[in-house]
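Engineer: using only what follows, build the 3D model:
(2 chains)
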Amino acid sequence: DTEVTQTPKHLVMGMTNKKSLKCEQHMGHRAMYWYKQKAKKPPELMFVYSYEKLSINESVPSRFSPECPNSSLLNLHLHALQPEDSALYLCASSPSAEAYGYTFGSGTRLTVV
Amino acid sequence: GENVEQHPSTLSVQEGDSAVIKCTYSDSASNYFPWYKQELGKRPQLIIDIRSNVGEKKDQRIAVTLNKTAKHFSLHITETQPEDSAVYFCAASRNSGYALNFGKGTSLLVTP
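Structural biologist: The predicted model follows:
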């Protein structure tokens, strides 16, 4: 398996909802990432997990809460989001703590209404 | 932090012509430079990458060159085809940084 799988592919949520995005990889990669991508913009780093520990948090608002239950899974918990949080959320993984060999998931298209 | 500049923001070429996209970076410690292709509504896909100990790398119609002294690297696509139309992102990273710092992207259109 050489893929990063993200679910759901599309999500519409209200500003008072709580939802979670899921990411899974079975390549034995030890670093996993969340990126946010707005239309016609590059991906922006949100969080990095290395060996299941949060190593980078790029000043992301607390309404986004990451979780890494094990080396294959990465979640992003969403609560009280704003319409401007609507974007494509990309998960990625790489073999180690270096950025070589990134594999991106297909993303979750999030719309906040 | 690292700042990656990418030019041009849009590029239109005729099928069969070459396309060149250029990036500059600011962090002299950066040592890994991947290029991603992203089609509309899809994930970024790695098309080629280069490490700082190499000056040039080629894969069929795609090549990347790196000038560490000038801190710039370029993507070259030869014999372009309509299916090459997409947004291309350059990125830079260093060993200890984990994360990729992306350029703003180049929207490439190849017209038949």
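Engineer: could you pull up the residues touching the closest residue to B:Pro8 other than its chain neighbours?
Structural biologist: Of all residues not flanking B:Pro8 in the chain, B:Thr106 sits nearest, at 6.1 Å (CB to CB, 6 or more residues apart in numbering or on different chains). Heads up, the C-betas are built off the backbone N, CA and C, glycines and all. By CB atoms under 8 Å, 6 or more residues apart in numbering or on different chains, the contact set of B:Thr106 is B:6-11, B:21, B:87-89.
Engineer: what's the answer for A:Thr108, then?
Structural biologist: Neighbouring residues of A:Thr108 by CB under 8 Å, 6+ apart: A:6-11, A:21, A:88-89.
Engineer: what pairs with A:Ser50 across the strands?
Structural biologist: Beta-bridge pairing for A:Ser50 (DSSP bridges): A:Ala31, A:Lys53.
Engineer: that older thread, just the contacts of A:Thr108: which are in helices?
Structural biologist: In helices, judged by DSSP state H, none of those are found.
Engineer: for the helix or strand of chain A with the lowest mean pLDDT, which helices and strands make contact with it?
Structural biologist: Least confident element among the helices and strands of chain A, by mean pLDDT, DSSP states H and E: strand A:53-57 (a mean of 85). For strand A:53-57, the packing partners by 3 or more CB pairs under 8 Å, 6 or more residues apart in numbering or on different chains; DSSP states H and E come out as strand A:44-50, strand A:64-70.
Engineer: so does the last one get close to chain B?
Structural biologist: By that I understand strand A:64-70. No: counting by CB under 8 Å from any CB of the partner chain, chain B is not contacted by strand A:64-70; separation bottoms out at 13.9 Å.
Engineer: which intervals of chain A have sub-threshold pLDDT?
Structural biologist: Residues of chain A that meet the criterion pLDDT under 70 lie in A:1, A:97-99.
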